[in-house]
Structure formats: structure tokens, C-alpha cells
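Novice: Just a sequence and a predicted model for now, questions to come.
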Amino acid sequence: EGGVVSHQPAVHGGRGGPHSRQEPSHQHQHQLAHGSNNNNNIININSSNNGRGKGTSRSNSPAQPPRAAGNRRGSETSWGSGSGSGSGGGGSSSPVPPALVCSPLLGEHKHGGRKPTVAELAGHVLEFAKDSHGSRYLQDVMNKASRPERDALINEIKNDCLSVVQDLFGNYVMQNFLDNGTEEQREFIANKMRGVIVDLSMHPHGCRVVQKVLELIGPTSTRYDLLHELI
């Protein structure tokens, strides 16, 4: 009873003599040993195999971790909450991870197709550089911008260039900015790499920018020092 199956064959009269009467007691002992003490395991085995009695090893597998209450899609659509309006936003009780919260400007670009001007991008260049959509948009804007507009974009991000260099999307922006930058701006970014260029050269994203810097900067003391560090 309760899913316990006897493994003893049925005994038919005569054969085995008096020993045939001991078989029920052996089955009873099997029940006591396995039925009363492992009742929970038996239930798990039956429930995991739909009553077929196979694959009992599944009962020893670790429990699956619970799924997160929220999901990435739901978090990404909550970009409007970044303005701090406190309007509720759909009644979800799960907090949005900070990494998925973006400014209204970036949210409108990603989800609404808005194309902000260079003036509107002021204060948002770093955020756009590290976003998959924003990164492509910045590169497109830089390729079409005037010299003063390019200077404004590069000057806003150059002090944070080391974090951008190592970012999955930001490294493409930095390569583009080096291509469109002045010799002075390239020299500034190259100087930021002093002392860390070995680490950057072994970084999966930073190594691309290291190559770009060494290709573009002139034969200055900065170039010499960076090469000396690598050697």
C-alpha cells in the first residue's frame, strides 16, 4: 500500500515446503524498512515519474532554483520610472535592477525611435555609449557631426574613457571617437592608459581600443611609454 511493490515471486503450493510461509513476513519487513521510514521519498518518486515506477534516480537530483519574480522584458519597459515620478507603473512589486533603469531620453530613443540632437545628448553621452542602441546611435551622430559637436561629445566622455574602453558597447564608441578626434584628444585618452595598458591589452574589449590608440597617435613620448610598458 502507498506505492510499495514486493520484489518476491509468488510461491505456489508444495515447492519449498514450509519455507513458503515465511515469504509474507519478508515482504512485511520490506514494508517496515522502506515504507514507514522513506514514505516521503516514495511520494516524490511516484510524482516525478507519473506512477510508472521508473527513473527513481531523479529523486536525488537537486531542486531547481526559483525563477525571478520579474523578467528582463518587463524591466526594460520600466524606463519611464527613472524620472522619479512615482506614478505606480503597472503595479509590479518587484524592484527594477539599477542596470536596467535608463533615463527618459535613452528610453524614448530605444522604445520610441526618438533621435536626440547633440545638444540634447549633453549629460547622456556615457549612458548612451554603454547601451546597445545608444552606442550605435552615438557613432552615427559622430560621423555626421560638425567639429564643435564632435568636440562636445568627446570632451564629455574622455574623463571616463577607461570604463568605456572596457564596456561591451562602449569600446566601439571609443574607437569611433578616436577616429574622429583631434590629435590632442587622442593624446589625452592615450595618457589615461598609462600604467594600465597591459591589463587593457588583455581585456576582450579594451584590447581593440589599445590597437586603435597605437595606430592613431603620433610618435610622441606617450606612444613610446605605452609601447615600453607592453614590452
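Specialist: Yep, that arrived. Residues are numbered from 1 along each chain as shown.
Novice: give me the low-pLDDT residue ranges for the protein?
Specialist: In the predicted model of the chain, residues 1-100 satisfy pLDDT under 70.
Novice: Give the buried residues for stretch 190-199.
Specialist: 190, 192, 193, 196, 197 (16 or more other CB atoms under 10 Å). Every C-beta, even on glycine, is put in place using the N, C-alpha and C of the backbone.
Novice: And the residues you listed, which is closest to residue 218?
Specialist: residue 190 (10.0 Å; CB to CB).
Novice: pretty sure residue 106 contacts residue 131?
Specialist: Yes: with contact defined as CB atoms under 8 Å, residue 106 counts as touching residue 131 (6.2 Å).
Novice: which of the buried residues of stretch 190-199 sit farthest apart?
Specialist: When the buried residues of stretch 190-199 are compared pair by pair using CB to CB, the farthest-apart members prove to be 190 and 196, with a separation of 11.7 Å.
Novice: where do the helices sit along the protein?
Specialist: 23-34, 39-48, 72-76, 104-112, 118-121, 125-129, 132-144, 147-157, 161-165, 170-180, 183-192, 197-201, 206-216, 221-230 (DSSP state H).
Novice: Please export the C-alpha coordinates of the last one as CSV.
Specialist: Read it as helix 221-230. The C-alpha coordinates for helix 221-230 follow below in CSV (Å, rounded to 0.1, in the frame of the first residue of the first chain):
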residue,chain,number,x,y,z
SER,A,221,56.6,60.3,-25.6
THR,A,222,53.2,58.9,-24.7
ARG,A,223,53.3,56.4,-27.5
TYR,A,224,56.9,55.4,-26.5
ASP,A,225,55.9,55.0,-22.9
LEU,A,226,52.9,52.8,-23.8
LEU,A,227,55.0,50.6,-26.0
HIS,A,228,57.7,50.3,-23.3
GLU,A,229,55.0,49.1,-20.8
LEU,A,230,53.9,46.4,-23.2
